[in-house]
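*Asks:* A structural model of the following input is requested.
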Amino acid sequence: MTAIEQMNWMQVEEYLKSDNRCILPLGSTEQHAHLSLCVDNILPSKLAHDAVGGSGVPVFPVLPYGVTPYFRAYPGSINIRVQTYLAIVRDILDDLHEQGFRRILIVNGHGGNTPAQGFTAEWMADHPGTQVKFHNWWNAPQVWAKVQATDSNASHASWMENFPWTRLDGVEMPDTEKTGVDFDYMRLLGPAALREYLGEGNFGGKFQRPDADMQAIWDVAVAETRAMLEKGWAE
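*Replies:* Reported below is the predicted structural model:
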């Protein structure tokens with residue numbers, strides 16, 4: 001892996017003489033039931049580092065706050081308004097472009113950040129020659145197929161986000177399975193009512209599955225993300 005915090009500016013400048021790719025993880029600090037509040041930061045960041053392998057492609061620090069207004073009633077959840085969020089993403093992309101990065105892979109860990117996906121198309125139109133891929137890792141085709149083949153009752157804060165690296169020491173998972181939430185109804189609720197409706201925060205599914213299942217999904221996620229980094233860029 002090549003974390004940007006393990007490079008100095010001279011090394012980045014030298015890297016840009018032979019390659020122009022980088023990875024920018026996007027996350028969110030928000031409730032994930034019994035899991036860490038930083039699940040959406042931990043997963044895209046680790047995935048980015050695992051995917052680059054020994055390629056030398058720099059991985060920038062995860063943007064740890066996202067668009068999550070519905071979870072404001074859960075302590076520790078931090079929301080950034082859409083306009084503010086897009087302005088932050090714009091500033092980051094502008095600077096990466098100015099410094100010579102021309103192929104930017106965004107690994108997104110939070111569904112609420114999808115306004116940035118539409119924004120990147122607009123941003124690319126204003127920056128000819130620079131490409132941005134927006135990768136929602138959890139519902140990318142191969143990962144989602146693997147999740148569905150493992151257990152189709154899977155959603156936010158359920159087993160599908162319960163990896164050894166997102167659990168908290170000393171916190172036991174309920175040995176139960178929740179039925180899926182009513183998304184249409186949920187979208188009509190304010191933060192306090194949503195908390196009352198969701199309870200601990202799992203959208204549906206078991207709270208935990210065997211580590212072997214999770215590692216198999218992670219292996220697919222790493223391979224799919226690595227392929228996004230290595231292939232499919234426009235000539």
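*Asks:* my read is that residue 80 contacts residue 87, right?
*Replies:* No: when contacts are counted by C-beta atoms under 8 Å, residue 80 is not listed as touching residue 87 (9.6 Å). Heads up, the C-betas are built off the backbone N, CA and C, glycines and all.
*Asks:* so between the two, which is more surrounded?
*Replies:* residue 80 (20 against 13; other C-beta atoms under 10 Å).
*Asks:* so what's that one closest to, chain neighbours aside?
*Replies:* residue 65 (5.0 Å; C-beta to C-beta, 6 or more residues apart in numbering).
*Asks:* do residue 217 as well
*Replies:* residue 146 (5.1 Å).
*Asks:* hmm, who's touching whatever helix or strand the one you found lives in?
*Replies:* Using DSSP states H and E, the element containing residue 146 is helix 141-150. Outside helix 141-150, the residues that touch it by C-beta atoms under 8 Å, 6 or more residues apart in numbering are 137-138, 154, 160, 209, 213, 216-217, 220-221, 223-224.
*Asks:* contacts for the helix or strand following it?
*Replies:* Next in sequence after helix 141-150, counting helices and strands by DSSP H and E, comes strand 177-178. For strand 177-178, the surrounding residues in contact (C-beta under 8 Å, 6+ apart) are 153, 158, 202-207.
*Asks:* stretch 179-189 too?
*Replies:* Taking C-beta under 8 Å, 6+ apart as the rule, stretch 179-189 contacts 70, 153, 155, 194, 197-198, 203-205.
*Asks:* ok, residue 102 - contacts?
*Replies:* Residue 102 sits in contact with 20-21, 129-131, where contact means C-beta under 8 Å, 6+ apart.
*Asks:* what's the most distant pair in the contacts of stretch 179-189?
*Replies:* Greatest spatial distance among the contacts of stretch 179-189 (C-beta to C-beta): 70 and 153, at 21.1 Å.
*Asks:* so those two - more neighbours on which side?
*Replies:* residue 70 (21 against 16).
*Asks:* which of the residues in stretch 80-87 are buried?
*Replies:* 80, 85-86 (16 or more other C-beta atoms under 10 Å).
*Asks:* what average pLDDT does it get?
*Replies:* Regarding stretch 80-87, the rounded mean pLDDT is 98.
*Asks:* what's in contact with it?
*Replies:* 65-67, 69, 88, 113, 115-116, 119.
*Asks:* need the pLDDT of residue 3.
*Replies:* 81.
*Asks:* any idea how far the closest residue to it other than its chain neighbours is from residue 131?
*Replies:* With C-beta to C-beta, 6+ apart as the criterion, residue 3 has its nearest non-adjacent residue at 5.5 Å, and that residue is residue 59. Residue 59 sits 17 Å away from residue 131, going by C-beta to C-beta, to the nearest Å.
*Asks:* and residue 122, by the same measure?
*Replies:* 14 Å.
*Asks:* neighbour count for those two, which is higher?
*Replies:* residue 131 (17 against 11).
*Asks:* I am finished for the moment; much appreciated.
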